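Chemist: Next one to model:
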Amino acid sequence: MVAAGAGSVFRGEGVPAKDRFDCWRELLARTRASEMTSAHADDFRAEMRRLELGPVTLLRSSFPPTRFRRTERMVRRTDPEVYHLTMPLDGGLALTRGPGDRTRTFGRGDLYLVDSSTPYDVRALGVHARGRPERRTEAVGIDVPVALLPLPPERLREVLGRGFSVRSGSAALLSDFLLGLDRQAAALGPAEAARMGAVVVDLVAAWAARELDAETALPDEARHRALAQGVRSFVRRHLHDPDLTPAVIAAAHHVSVSHLHRVFTHQSQGRTLAAWIREQRLAQAHRTLADPAHRTTPVHTVATRCGFPRADDFSRAFRTAYGLSPRDHRRQALTTATETGPDGA
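Modeler: Down below sits the predicted model:
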């Protein structure tokens with residue numbers, strides 16, 4: 001296991017085959033304590049990335065078929081009072097909660113929520129992966145202390161154990177944010193990771209409140225933070241659209257333009273929505289022009305794809321932001337890339 005930014009990574013490299021399962025199980029049990037068993041325990045080939053986001057934990061793991069049983073006895077012995085949200089990325093997960101509960105199966109495109117205070121039995125079904133002899137499951141999960149979610153636990157019981165699609169709405173925003181966090185895990189320092197943990201709590205609360213039709217139960221600040229994050233995600237997906245205006249964004253989020261401006265500016269430390277959109281468009285163009293894969297794409301085409309329909313406006317804005325023209329930036333970046341080579345040597 002090696003350190004990675006604000007978390008750790010387990011790949012099993014250098015760990016004797018007979019000890020891999022115990023190492024992986026110990027890492028997972030820090031927030032998801034259960035009885036874990038696997039037919040592959042003698043040579044358990046798994047990976048896990050664990051990211052500490054203040055009191056919130058993000059997990060991503062790939063592993064062979066495994067069973068996770070949290071029993072009544074375990075609940076009575078110790079209950080950390082944590083919600084476990086899980087999104088399968090590949091392979092299926094079959095969940096049974098308590099005696100008499102029917103088994104529900106979740107796959108790619110789903111998420112489900114359980115808590116540490118109720119027994120559960122999860123079986124990772126897995127799918128055959130290329131180059132692997134055994135079936136495998138890949139999933140992302142977050143563990144959030146019950147006390148942090150600003151919704152009554154008795155209301156949240158209504159969503160426990162159910163499957164929800166991550167293809168639209170607040171669940172899609174939550175899914176995108178978690179996957180983005182996972183990709184940036186190595187670059188997050190402790191302070192930034194803690195701030196991201198607060199955003200995760202807001203997004204989980206916003207998702208649950210939407211499913212329960214209880215959005216008015218959320219504190220204003222939590223709703224505002226979730227709205228700002230939703231706006232940022234929406235803007236990033238539509239940077240190419242020159243008609244991306246505050247009115248369009250407000251309509252997509254069912255709020256007034258004045259409310260949108262007020263909330264976004266407050267949640268962005270005084271930065272206006274228009275200024276932030278312009279920064280994002282310029283940053284995307286800056287990255288694209290420096291990418292060797294786009295060396296033959298005309299500058300005006302890059303500008304258009306980043307939401308600048310007028311080449312002159314783009315050139316002036318780019319020079320103001322970066323101190324050189326788009327063409328000069330591309331020339332310098334590609335020259336540096338050629339000199340250093342693909343391996344950075």
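
Chemist: how long is stretch 25-37 from one end to the other?
Modeler: This stretch, stretch 25-37, spans 9 Å end to end (CA to CA, to the nearest Å).

Chemist: Give me the buried positions along it.
Modeler: 25, 27-28, 31-34, 36 (16 or more other CB atoms under 10 Å). In this view, the C-beta of every residue, glycine as well, is placed from N, C-alpha and C.

Chemist: Now render those as TSV, adding distance to Leu151.
Modeler: Converted to TSV, the buried residues of stretch 25-37 look like this (distance: CB to CB, whole Å):
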residue	distance to Leu151
Arg25	31
Leu27	29
Leu28	26
Thr31	20
Arg32	21
Ala33	24
Ser34	25
Met36	30
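
Chemist: any chance of these in TSV, with secondary structure and pLDDT too?
Modeler: Putting the buried residues of stretch 25-37 into TSV (DSSP: H, G, I helix; E, B strand; the rest coil; pLDDT from 0 to 100) gives the following:
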residue	secondary structure	pLDDT
Arg25	helix	92
Leu27	helix	90
Leu28	helix	92
Thr31	coil	90
Arg32	coil	93
Ala33	coil	93
Ser34	coil	95
Met36	strand	96
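
Chemist: Can you tell me which of those residues is nearest Gly197?
Modeler: Thr31 (12.9 Å; CB to CB).

Chemist: what's near enough to touch the closest one?
Modeler: Residues counted as contacts of Thr31 (CB atoms under 8 Å, 6 or more residues apart in numbering) are 57, 59, 80, 82, 84, 143.

Chemist: Buried subset of these, written for ChimeraX?
Modeler: Here is the ChimeraX command that selects only those of those that count as buried (16+ other CB under 10 Å):
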select :57,59,82,84,143
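
Chemist: where along the stretch 1-150 of the chain do the helices fall?
Modeler: Per DSSP state H, counting those that start in this stretch, the stretch 1-150 of the chain carries helices over the ranges 17-28, 72-77.

Chemist: Sorry, slip of the keys, the one I care about is the stretch 201-345 of the chain.
Modeler: 220-237, 246-252, 257-267, 273-289, 299-305, 311-322, 326-340.

Chemist: want to throw those into TSV with distance to Val114, mean neighbour count and mean pLDDT?
Modeler: Shown next, in TSV, are the helices of the stretch 201-345 of the chain (distance: least, CB to CB, whole Å; neighbours: other CB atoms under 10 Å; pLDDT from 0 to 100):
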stretch	distance to Val114	mean neighbour count	mean pLDDT
helix 220-237	22	18	87
helix 246-252	32	16	91
helix 257-267	31	16	92
helix 273-289	36	18	94
helix 299-305	42	18	95
helix 311-322	46	15	94
helix 326-340	47	14	84
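
Chemist: Going by neighbour count, which residues in stretch 68-81 are buried?
Modeler: With burial defined by 16+ other CB under 10 Å, the residues of stretch 68-81 counted as buried are 68, 70, 75.

Chemist: Would you convert those residues into JSON lines that also reports pLDDT and distance to Arg225?
Modeler: Output for the buried residues of stretch 68-81, formatted as JSON lines (pLDDT from 0 to 100; distance: CB to CB, whole Å):
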{"residue": "Phe68", "pLDDT": "97", "distance to Arg225": "32"}
{"residue": "Arg70", "pLDDT": "96", "distance to Arg225": "31"}
{"residue": "Val75", "pLDDT": "95", "distance to Arg225": "32"}
